[in-house]
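Asker: Model the structure of this input:
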Amino acid sequence: MLIRVLGSSAGGGFPQWNCNGANSSAVRKRMPGFTPRTQSSLAVSSDGVDWVLLNASPDLRQQINVTPALWPHPDRGPRNSPIKAAVLTNGDVDHIIGLINLREAQPLSVYGSNRVLATLASNSVFQVLAAEKVPRIELPLGRKLPITGDGIELGLTVEAFPVPGKVALYLEDATKPGFGSEAGDTIGLEVTERKSGKSFFYIPGCARMDDALARRLDGAALVFFDGTLYTEDEMLKQGLMAKTGSRMGHMNMSGPDGSIASFAQIKVQRRVFVHINNSNPVLDENSDARKAVEAAGWEVGYDGMEIEL
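Answerer: Prediction:
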């Protein structure tokens, strides 16, 4: 099974278009140790020929253009694509807007929870994905589902499961508890290659580690995990946004309740941070935060990162 990180940044990318924070400023100046990143998405394949997207970021067109494996095949006619399906983990803008890049009546399947599919259905712009060509398939929670696209069995199964999180910002309802968040607003994915039985987890958004998630991840070979912030209040301190990590529905890397401490109690062979916000000090490859993360056994994901299981 082949896995490629198409984009490793959180919403807005790195640098973010309107951000003049220290990190974004440094990457624009091409300072050593700062690498540009596009918004969060993965691609996975059982055979290296046909591919499944895990989330579809606003930067998807750019990501396809720099990834030859996702280009049209020269022997499959004037219009074709190796992208056969897209699986969505939530309704966040940075995870669904890329679907619009996949218009032009190209056959593929779109998978998501009932809540996410309802969000797509309620916005007419997503009708550019021709219904007769692009079926929308509900991901049941807690059950492995074979992934197909363009009439092809893709050799992969996906099991979706709820993780602690929050409804997308633009769907928040301040009159309801948890801003109206419900199960299925944020999900994790376990992707399994059917022929080998090998699997990995993709969890780009998570508000906290609970017992159910810890039990599920224990013994995993590979986990891609939410790396949005390093500390709870880093955006406040940097003057970028008046919100904490927990208010946004993301747990921090550091601290006693952070992901590094939480995973220290879980047996996971390989741990990779993705969905990294432009404020996060780990984006400075020479920072103390970066050294602490790597010393704890974590990798900081980057665009173009490839892993074979």
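Asker: Show me which positions of whichever strand or helix holds Ile187 end up buried.
Answerer: Following DSSP states H and E, one finds Ile187 within strand 187-193. Using 16 or more other C-beta atoms under 10 Å as the test for burial, strand 187-193 gives Ile187, Gly188, Leu189, Glu190, Val191, Thr192, Glu193. In short, each C-beta sits where N, CA and C put it, glycine included.
Asker: So which of those residues is the closest to Ala261?
Answerer: Gly188 (19.1 Å; C-beta to C-beta).
Asker: How about the backbone phi and psi for the residue found closest to that closest one once you drop the neighbours it is linked to in the chain?
Answerer: Using C-beta to C-beta, 6 or more residues apart in numbering and skipping residues adjacent in sequence, the residue nearest Gly188 is Ile203, 4.0 Å away. Torsion angles at Ile203 (phi, psi; degrees, to the nearest 10) stand at phi -140, psi 80.
Asker: Quick check: beta-bridge partners of Ile203?
Answerer: Phe225 (DSSP bridges).
Asker: can you give me the angle the longest strand seen in the chain makes with strand 187-193?
Answerer: Among the segments of the chain that qualify as a strand by DSSP state E, the longest is strand 152-162. For strand 152-162 against strand 187-193, the angle by axes from the mean of the first three to the mean of the last three C-alpha atoms, to 10 degrees is 140 degrees.
Asker: buried ones in strand 152-162?
Answerer: Neighbour-count burial for strand 152-162 [16+ other C-beta under 10 Å]: Leu154, Gly155, Leu156, Thr157, Val158, Glu159, Ala160, Phe161, Pro162.
Asker: I'd say the fourth one and Lys144 touch.
Answerer: Yes - under the criterion of C-beta atoms under 8 Å, Thr157 lies in contact with Lys144, with a separation of 4.4 Å.
Asker: Quick check: neighbours shared by these two?
Answerer: Thr192 (C-beta atoms under 8 Å, 6 or more residues apart in numbering).
Asker: Can you tell me the closest non-neighbouring residue to Leu88?
Answerer: Gly112 (4.0 Å).
Asker: got it, and Leu283?
Answerer: Leu283's closest residue in space is Asn23 (C-beta to C-beta, 6+ apart), at 5.1 Å.
Asker: and that neighbour, how many residues sit next to it?
Answerer: 25 (other C-beta atoms under 10 Å).
Asker: Over to Ala264?
Answerer: Ala264: 9 neighbours (other C-beta under 10 Å).
Asker: Could you pull out the helices in the protein for me?
Answerer: 22-28, 60-65, 93-96, 114-122, 211-217, 234-237, 245-248, 259-263, 288-295 (DSSP state H).
Asker: Which neighbouring elements make contact with the longest strand of the chain?
Answerer: strand 83-87, strand 144-149, strand 187-193 (3 or more C-beta pairs under 8 Å, 6 or more residues apart in numbering; DSSP states H and E).
Asker: now the last one, how far from the chain's geometric center?
Answerer: Put plainly, it is strand 187-193. How far strand 187-193 lies from its chain's middle: 12 Å, per C-alpha atoms, centre = their mean, to the nearest Å.
Asker: That one pairs with which strands, and in what direction?
Answerer: Strand pairing (DSSP bridges) places strand 187-193 next to strand 152-162 (antiparallel), strand 199-203 (antiparallel).
Asker: Also the second one?
Answerer: Paired neighbours of strand 144-149 in the sheet (DSSP bridges): strand 152-162 (antiparallel).
Asker: hmm, who's touching the partner strand?
Answerer: With C-beta under 8 Å, 6+ apart as the criterion, strand 152-162 contacts 1, 44-47, 50, 52, 84-85, 87, 111, 113, 139-148, 183-184, 186-195, 216.
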